[in-house]
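Colleague: Sequence first, predicted coordinates after that:
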Amino acid sequence: MSYQVLARKYRPRSFDTLVGQEHVVRALTHALEQQRLHHAYLFTGTRGVGKTTLSRILAKSLNCVGADGNGSITAQPCGVCEACVAIDAGRFVDYIEMDAASNRGVDEMAQLLEQAIYAPSNARFKVYMIDEVHMLTNHAFNSMLKTLEEPPEHVKFILATTDPQKIPVTVLSRCLQFNLKQMPPGHIISHLDNILGQENIEFEAPALRLLAQGAHGSMRDALSLTDQAIAYAAGKVTLEAVQGMLGALDQSYLIRVLDALAVEDGAALLSVADEMATRSLSYNAALQDLATLLHQIALAQTVPAALAEDVPQREDIMRLASQFNPEEAQLFYQIAVHGRNELGLAPDEYAGFSMTLLRMLAFRPVAASAAGSAGSAPAAPAAPAARTTAPARSTPAAAPLSAAPQVATTSTPVSRPPAAAPAPGPGNSARAAALEAARAASGKSSPRPAVAAPAPAPVPAQVQAAPVPAPAPSLPEAFDDIPPPWDEEPAGADAQKKTEQYSAASANEAVSHAVLDNVEDPIVVAPPTIAVSTVTPAMQAQTAQVAAELGWDGNWPHLAAELPLRGMVQQMAQQSELVRCEQVGNAICFHLRIPVETLRASGNVDKLTAVLSERFGRTVRVETEIGMVALTANAKAEADRAERQREAEQTVKNDPFIQVMMREFGASIVPGSVRPL
């Protein structure tokens, strides 16, 4: 006789032998005993938890006639009558098992329903068991609704599925639904213990626990793995054989990892990772098992009775539970779980695994008793730093608020870092004049020289009412009055004047943003770097002369935006400023200034030269230098976007409907929500 696998040989044949589904067995047993039988049952649950087995037992209970042939419906089928034997053998004519995965159409369902009207040939009930019923099409479901709601008295439907979410609610409402649970590891272990005892096969208890964990709640998977382990170990189920068969990680590596963490030995951590790399072990499985081990350590720390006696490495777990405090165990568990999720984002698995271990070492919490064990007195809590404020000076008259918050200030002079002197160069005088003009416009005096920081000394705090901060100066409307320098060809002193006005407006904006909270006299430490064009009138005149010969208006930002360029060479052209354009022999030489060295790498200059030569039909040379740029295509595009944004916001504010909403209902425009079309 051929060998029969354990999953089929030890399939439960009665409710008493069914494992792990006591809630379903109880409900069906009471229904059978009280003859309160429904016409349709739905069994849901993951694979291998007993859906098909339960349907066969229910079919036997409905059709069992007992050993004497005079029995009735019972919750304990005899197992020896013709119906019980035929159902167990899979050849009972009135018990029809249908696989909906391969018979999912409306035609197959119509054929089944046509046969359902006929009485059973040799049984009380004709039982239809439809497995994986969620695979039926919508038309098939619709065709069976009427029969499923009011079937003939001799017909019972049993539906089984692993995905009840895909079943229409119209079908669910016509069935009694039973959700079969996944098998707990303890149930699987006890069942495997019983089966291996009947088979007279030697086994080790830790091996059964490992098989139960590998089954993931499926009894059929557990029995299949047991069959495989028996063959792998030549008739003896051992822990070593099961670990080798499942490719499970040797737990000694993880014990060494936790021992290294306990003594904060980073070299030992990396040594374990290197050994695992040498043996080509799975780092993903290692982090999963490490999280499981940390979970067991946390159980041993908080609820020792919850840790099973036959857990592998129980002694090591109890030892590590005493070496780590609960906070460390929880933190390491969280790092292991997140490290496993981020393993696919790491440069490679070794880097992800080793960084996870180093993260555990780096973020290990410092025990509160560490300082006390060293014999040092606890340090006094540091006093909160008092907020430094500048001395008050003349401001527009404003009545102080009576409910103003009280703040602690020190009587020591306020110190600030010395202001960095601006580097000499073109445009610095314009920036200095712009800063002074902005201060004068807002009623502020010139900035005071920075005071050297005194040595810190404890001084008594003086409580005084916080003054109402002076309103920040409004920005001058300089940008609205000055057209962008690329709108018309710059020439001579007028272009230089516009450039200085442009830089002054930028300086004013920088000063306005330098106003600090509750500080009435902000000290400008270092003005921001403002890009100012250093093209002289002579250079502009030379460029205009060459541009006229080329039939070009001399507007480099406009030309750079229109050139057929892509990628880095396009960025180089649009972020560059034309210094001058001159004729050298028979060639036209464009002198460009670019902000960073990277832009002229990878042959970008040669590509731009070729495009310019094709554009003008002349031999063109391009020379570049590194420096600050101002009049570029990117700057023009940014200014255009800012102008469109300003116009869009102004249009929204001036809309009559929005003004009514703001005036009548207190509505407001969400900042940043307005976008130009």
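Modeller: On my side now, so go ahead.

Colleague: Which other helices and strands does the helix or strand containing S143 contact?
Modeller: Assigned by DSSP states H and E, S143 belongs to helix 138-149. Counting contacts by 3 or more C-beta pairs under 8 Å, 6 or more residues apart in numbering; DSSP states H and E, helix 138-149 packs against helix 106-116, helix 169-172. Heads up, the C-betas are built off the backbone N, CA and C, glycines and all.

Colleague: let's go with 10 Å and repeat that
Modeller: In terms of contacts (3 or more C-beta pairs under 10 Å, 6 or more residues apart in numbering; DSSP states H and E), helix 138-149 is packed against strand 40-44, helix 106-116, strand 126-131, strand 155-161, helix 169-172.

Colleague: comparing the ones you listed, which gets the lowest mean pLDDT score?
Modeller: Between these, the one with the least mean pLDDT is helix 106-116; it has a mean of 89.

Colleague: residue contacts, E549?
Modeller: 581, 583, 588, 616, 618 (C-beta atoms under 10 Å, 6 or more residues apart in numbering).

Colleague: residues contacting the first one?
Modeller: The one in question is C581. Contacts of C581 (C-beta under 10 Å, 6+ apart): 539-540, 542-547, 549-550, 552, 554, 556, 588-592, 620.

Colleague: what's the answer for the second one, then?
Modeller: When the contact criterion is C-beta under 10 Å, 6+ apart, the partners of Q583 are 542, 545-546, 549-550, 589, 618.

Colleague: can you tell me how far it sits from T543?
Modeller: Using C-beta to C-beta, to the nearest Å, Q583 is found at 11 Å from T543.

Colleague: Now for the closest residue in space to L565 that isn't next to it in sequence, how many residues are close by?
Modeller: For L565, ignoring the flanking residues on the chain, the nearest one in space by C-beta to C-beta, 6 or more residues apart in numbering is A573 at 5.7 Å. By other C-beta atoms under 10 Å, the residues close to A573 number 28.

Colleague: Give me the helices and strands touching the one helix or strand Q296 maps to, please.
Modeller: Following DSSP H and E, one finds Q296 within helix 283-302. Helices and strands touching helix 283-302, as assessed by 3+ C-beta pairs under 10 Å, 6+ apart, comprise helix 251-262, helix 266-278, helix 314-323, helix 326-341, helix 349-362.

Colleague: Could I get the contacts of E549 in a markdown table, plus columns for distance to N122, pLDDT and secondary structure?
Modeller: What follows is those, written out as a markdown table (distance: C-beta to C-beta, whole Å; pLDDT from 0 to 100; DSSP: H, G, I helix; E, B strand; the rest coil):
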| residue | distance to N122 | pLDDT | secondary structure |
| --- | --- | --- | --- |
| C581 | 104 | 90 | strand |
| Q583 | 110 | 86 | strand |
| I588 | 104 | 90 | strand |
| F616 | 100 | 87 | helix |
| R618 | 103 | 85 | coil |
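
Colleague: Any chance of a markdown table for the residues you listed, columns distance to I335?
Modeller: Converted to a markdown table, these look like this (distance: C-beta to C-beta, whole Å):
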| residue | distance to I335 |
| --- | --- |
| C581 | 61 |
| Q583 | 67 |
| I588 | 63 |
| F616 | 63 |
| R618 | 65 |
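
Colleague: Kindly report the domain assignment for the protein.
Modeller: 6-179, 185-246, 251-365, 537-631 (automatic domain parsing).

Colleague: Check the offset of the third one from the chain's centre.
Modeller: By that I understand domain 251-365. Distance, stretch centre to chain centre, for domain 251-365: 23 Å (C-alpha atoms, centre = their mean, to the nearest Å).

Colleague: nearest to A635, of the helices and strands packed on helix 138-149?
Modeller: A635 sits nearest to helix 169-172 of all those, at 61.8 Å, using C-beta to C-beta.

Colleague: Poorly predicted segments of the stretch 1-150 of the chain, please.
Modeller: Under the criterion pLDDT under 70, the flagged ranges of the stretch 1-150 of the chain are 1.

Colleague: How about the chain?
Modeller: In the chain, residues with pLDDT under 70: 1, 310, 366-534, 602.

Colleague: if I pick G244, what's in contact with it?
Modeller: For G244, counting by C-beta under 10 Å, 6+ apart, the contacting residues are 229, 232-233, 238, 250.

Colleague: ugh, wrong one, Q330
Modeller: Q330 makes contact with 294, 297-298, 301, 324, 365 under the criterion C-beta under 10 Å, 6+ apart.

Colleague: swap in D259?
Modeller: By C-beta under 10 Å, 6+ apart, the contact list for D259 reads 265, 268-269, 272, 316, 319-320, 323.

Colleague: Which of those sits closest to E82?
Modeller: Nearest member of the contacts of D259 to E82, counting by C-beta to C-beta, is D316, at 57.5 Å.

Colleague: Could you check how far the closest one is from E342?
Modeller: 27 Å.

Colleague: Looking only at neighbour counts, state which of the two leads.
Modeller: Using other C-beta under 10 Å, the more surrounded residue of D316 and E342 is D316, with 18 against 13.

Colleague: who wins for proximity to C81 among the helices and strands packed on helix 283-302?
Modeller: helix 314-323 (49.2 Å).

Colleague: what's the angle from that closest one to helix 326-341?
Modeller: Relative orientation of helix 314-323 and helix 326-341, computed by axes from the mean of the first three to the mean of the last three C-alpha atoms, to 10 degrees: 120 degrees.

Colleague: Please find the angle between the direction vectors of helix 314-323 and helix 283-302.
Modeller: Angle of helix 314-323 versus helix 283-302, following the same axes, to 10 degrees, is 70 degrees.

Colleague: Tell me the spacing between the nearest residue in space to Q35 that is not next to it in sequence and K60.
Modeller: Leaving aside its sequence neighbours, Q35 sits nearest to I73 (C-beta to C-beta, 6+ apart; 6.4 Å). Between I73 and K60 the distance is 11 Å, computed by C-beta to C-beta.

Colleague: which of the two has more neighbours?
Modeller: K60 (27 against 17).

Colleague: Excluding residues flanking it in the chain, which one is nearest the more buried one?
Modeller: Closest to K60 by C-beta to C-beta, 6+ apart is P77, at 3.9 Å.

Colleague: how about the one you found, what does it touch?
Modeller: By C-beta under 10 Å, 6+ apart, the contact list for P77 reads 13-15, 32, 56-66, 71, 83-84, 87-88.

Colleague: The same query, at a cut-off of 6 Å, please.
Modeller: Counting by C-beta atoms under 6 Å, 6 or more residues apart in numbering, P77 touches 60-61, 64, 84.

Colleague: cool, and M183?
Modeller: If a contact means C-beta under 6 Å, 6+ apart, then M183 has 20, 217, 219 as its contacts.

Colleague: Save these as JSON lines, and put in secondary structure, neighbour count and distance to L358 too.
Modeller: Formatted as JSON lines, the contacts of M183 follow (DSSP: H, G, I helix; E, B strand; the rest coil; neighbours: other C-beta atoms under 10 Å; distance: C-beta to C-beta, whole Å):
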{"residue": "G20", "secondary structure": "coil", "neighbour count": "21", "distance to L358": "42"}
{"residue": "G217", "secondary structure": "coil", "neighbour count": "21", "distance to L358": "35"}
{"residue": "M219", "secondary structure": "helix", "neighbour count": "28", "distance to L358": "41"}
